[in-house]
Every structure is written in C-alpha cells, then in structure tokens.
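A.B. asks: the following comprises the amino acid sequence and a computationally predicted model.
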Amino acid sequence: MAELVRGDLASVIDHTALDPCLGGEEIDRLCDEVAEFGFASACVASRWVARAHERLGTRGRVCSVVGFPHGDSSWRAKVAETRQAVSEG
C-alpha cells in the first residue's frame, strides 16, 4: 500500500493545509511530506506561497487559493493576490 501512495495515487493529490491558524512549522512539514510521498503539490494559503516555494525548491510544486475561504473579495483583490502568489513561486 505504501508504494501505491508514493506512486500513482499521491501524484494526483494536492496535499493541502489551508487552516488560518497554521504556522510556518506546519507549512514546512506539509512541504516535506509533498517531497517524501510525491504529492502533486503543496496547496497553501497565498501568504505561505513564498515559504513553501523556498522549502520545496525543485522537490515539488506549490499551488494556492485566492479569495479564500469565502470568495467574496473583489475581482481586483483576487487579481492582485494571484499576481503576488505567482511572483512568489
């Protein structure tokens, strides 16, 4: 079973940590698990993109969300948040 998780299954899962109470240590742990198990990406809140990108380097990918959790921010705010996330990795 561990080989299945490390291979085919993990490669299509975005390992996600979006709890607003999380700190840097939890984001680092998430990134380490992405690299260890071969998850498709580390999905983090936009404020953690730079840290996750730095932690993962070439060992994995980072994805993020904008307008989270409710999506009720203006489209201009979402565009700005997206641009910042892209520029940070």
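C.D. replies: Happy to help now that I have it.
A.B. asks: ramachandran coordinates for residue 61?
C.D. replies: Reported as degrees, to the nearest 10, the phi and psi values for residue 61 are phi -110, psi 160.
A.B. asks: repeat for the one 10 residues further on
C.D. replies: In terms of degrees, to the nearest 10, the main-chain angles of residue 71 are phi 80, psi 10.
A.B. asks: and it, how far from residue 18?
C.D. replies: Here residue 71 is placed at a distance of 13 Å from residue 18 (Cβ to Cβ, to the nearest Å). C-betas here are computed from N, CA, C, even on glycine.
A.B. asks: likewise for residue 50?
C.D. replies: In terms of Cβ to Cβ, residue 50 sits 16 Å off from residue 18.
A.B. asks: so those two - more neighbours on which side?
C.D. replies: residue 50 (16 against 13; other Cβ atoms under 10 Å).
A.B. asks: enumerate every residue touching the more buried one.
C.D. replies: Applying Cβ atoms under 8 Å, 6 or more residues apart in numbering, we find residue 50 in contact with 88-89.
A.B. asks: helix, strand, or coil at it?
C.D. replies: Classification of residue 50 using DSSP: H, G, I helix; E, B strand; the rest coil returns helix.
A.B. asks: how near is it to residue 30?
C.D. replies: Residue 50 is 14 Å from residue 30, by Cβ to Cβ.
A.B. asks: what do you get for residue 13?
C.D. replies: For residue 13, the distance to residue 30 - Cβ to Cβ - is 12 Å.
A.B. asks: residues contacting residue 16?
C.D. replies: 43-44.
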